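A.B. asks: Sequence and computational prediction follow.
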Amino acid sequence: MHVVVLGAGYAGVTLTRKLEQSLPPEVTLTLVDEADQHLVQHEVHRVIRRPSVTDSIQVPLDSLFDRCDVVAARVEHVDTDTNEVELDTGETITYDYGALCLGAETAFYDLPGVAEHGLPLKSVADAEEIRTRAIDVIESGADAQFVVGGAGLSGVQVAGELATLAAEADASDRIDIVLLEQLDSVAPAFPSAFQDAVADALADRGVDLRTETSVVHATESTIETERHGAKTTVDADLFVWTGGIAGSDVMGGDRPVVRNDLRLTPTTFALGDAARIVDADGAAVPASASAAIRAAKPAATNITRLIEWELARAGGLEPRLTPFRFDVPGWIVSVGDGAVAQVGESVVTGAAAKGLKASVGAGYLSSIRAIRKATELVGEELGA
Ligand SMILES: Cc1cc2nc3c(=O)[nH]c(=O)nc-3n(C[C@H](O)[C@H](O)[C@H](O)COP(=O)(O)OP(=O)(O)OC[C@H]3O[C@@H](n4cnc5c(N)ncnc54)[C@H](O)[C@@H]3O)c2cc1C
């Protein structure tokens, strides 16, 4: 039998490592990704201010696995009826059980000018582009404004990096940072105490947070916004768009809904940002690295259980599958040279939050046995 995991982000790497442990030895395992490195994406905004972070947040895929066959190719199409995967190499691979872990793309919602002028942030190359453009503006010596559209986890962290980049260049007095959010709070999907602390951390760094303000149109140098029906145009010498996510092209831009067994079809699973997951409590799981990592465990258990049942040829009813229940101890974001953490009911800022942030990133890297990268990341985070 053959198990194929598509995408080597948090979901795909964690799932593959678990499957290496749990699958019977006669089952072959393949992981496909268009990149040959695993990107620790929740740290990619750091590259805007600290290009030296790049090395510690990319891990060569061939260093992570023991028995899995890693294929470097772009997935062009997945047929979940026939279990066939077409690759850009012209090859077609088939699977008995598959997992879609292809992450998500930036959603531009057909807002005029936004895809054309808004810089996305999903990759190291995106972060380098934002850094280059920001530094050009800062070094020009002119008064300027940087606008970030969307105040979820990535938008907050981009605004924080840009504000601190300007401060480190002694340019805070002439570079304004505006963070736009169409809902009524920063980090809209998170607890209110966390939202308040993040808003304070942004204000401390001079970020002008404008909630209930939608981006409706962008040009090369302006952003048109709408608030309670009133339109305003703001200047933008740099525009970063972190306003939402859509499914991968391979999924036709869709993020299909999966229930708590993480199955899209009887033999295809979907997890991480690629799917909209409703967990065992009926709750919508937030698209996040935390959720992608946590979903990998029940997905591996369920794939293994189904395969063992098929191999045993005992017939009868399908085995009972383990439901995914999303439960996290808290949330952490960096805000430039600071951080905000919510642990249980408590909100923590300052050195304690920075320490937590460093330990979460390093803990993840250690869990996928990238120990040297983990040590480097702690140094980068605590020095930031
Ligand atoms: C700037 C930023 C900050 C963030 N901060 C946080 C945070 O603080 N906390 C948190 O929990 N989350 C955070 N997130 C969200 C988090 O990074 C994502 O939720 C997480 O990466 C989702 O994991 P995934 O495995 O589903 O997808 P990804 O990590 O995106 O992995 C998808 C993989 O699929 C591969 N792939 C995609 N398409 C193809 C294809 N067609 N063919 C082959 N391979 C393909 C990609 O190369 C990639 O390796 C942040 C995101 C960003 C951008």
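C.D. replies: Received, thanks.
A.B. asks: pretty sure Phe269 contacts Asn260?
C.D. replies: No - contact criterion Cβ atoms under 8 Å: Phe269 and Asn260 do not qualify, at 11.8 Å. Yep, even glycine has a C-beta here, placed from its N, CA and C like the rest.
A.B. asks: So if I had to pick from these two, which one is more boxed in?
C.D. replies: Phe269 (28 against 21; other Cβ atoms under 10 Å).
A.B. asks: Within range of the ligand, give me the residues from the stretch 51-200 of the chain.
C.D. replies: Arg74, Val75, Cys101, Leu102, Gly103, Leu121, Lys122, Leu153, Ser154, Gln157 (Cβ under 6 Å from any ligand atom).
A.B. asks: Out of those residues, name the ones that lie in helices.
C.D. replies: The helices, defined by DSSP state H, take in Leu153, Ser154, Gln157 from these.
A.B. asks: Now list the buried members of those.
C.D. replies: Those of those that meet the buried threshold are Leu153, Ser154, Gln157, by 16 or more other Cβ atoms under 10 Å.
A.B. asks: Is it correct that the first one is in contact with Ala187?
C.D. replies: When you say that, I think you mean Leu153. Yes - assessed by Cβ under 8 Å, Leu153 is found in contact with Ala187 at 6.7 Å.
A.B. asks: what sits in contact with each of these two?
C.D. replies: Taking Cβ atoms under 8 Å, 6 or more residues apart in numbering as the contact rule, Leu153 and Ala187 both touch Val333.
A.B. asks: circling back to that earlier point, so which of the residues of the stretch 51-200 of the chain next to the ligand would you say is closest to Ala134?
C.D. replies: The closest of those to Ala134 turns out to be Leu121 (Cβ to Cβ; 12.1 Å).
A.B. asks: wait, what's in contact with the closest one?
C.D. replies: Val44, His45, Thr106, Ala127, Ile130, Ser154, Val158, Val240, Thr242.
A.B. asks: Mind checking which of those residues land in strands?
C.D. replies: Thr106, Val240 (DSSP state E).
A.B. asks: Name the residues of the stretch 251-384 of the chain found near the ligand, please.
C.D. replies: Gly272, Asp273, Ala274, Ala287, Ser288, Ala289, Ser290, Ala292, Val333.
A.B. asks: what bits of the protein have low per-residue confidence?
C.D. replies: Where the chain drops to pLDDT under 70, the residues are 384.
A.B. asks: 90 instead?
C.D. replies: Within the chain, the ranges that satisfy pLDDT under 90 run 188-191, 313-317, 328-330, 344-345, 358, 369, 376, 378-384.
A.B. asks: Now do the helices in it.
C.D. replies: Counting by DSSP H, the helices of the chain are 10-22, 114-117, 124-140, 153-168, 192-204, 289-312, 350-367, 371-383.
A.B. asks: Could you export the ones you listed as JSON lines, including distance to Leu39?
C.D. replies: Conversion of these to JSON lines gives the following (distance: least, Cβ to Cβ, whole Å):
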{"stretch": "helix 10-22", "distance to Leu39": "9"}
{"stretch": "helix 114-117", "distance to Leu39": "22"}
{"stretch": "helix 124-140", "distance to Leu39": "7"}
{"stretch": "helix 153-168", "distance to Leu39": "14"}
{"stretch": "helix 192-204", "distance to Leu39": "24"}
{"stretch": "helix 289-312", "distance to Leu39": "11"}
{"stretch": "helix 350-367", "distance to Leu39": "12"}
{"stretch": "helix 371-383", "distance to Leu39": "12"}
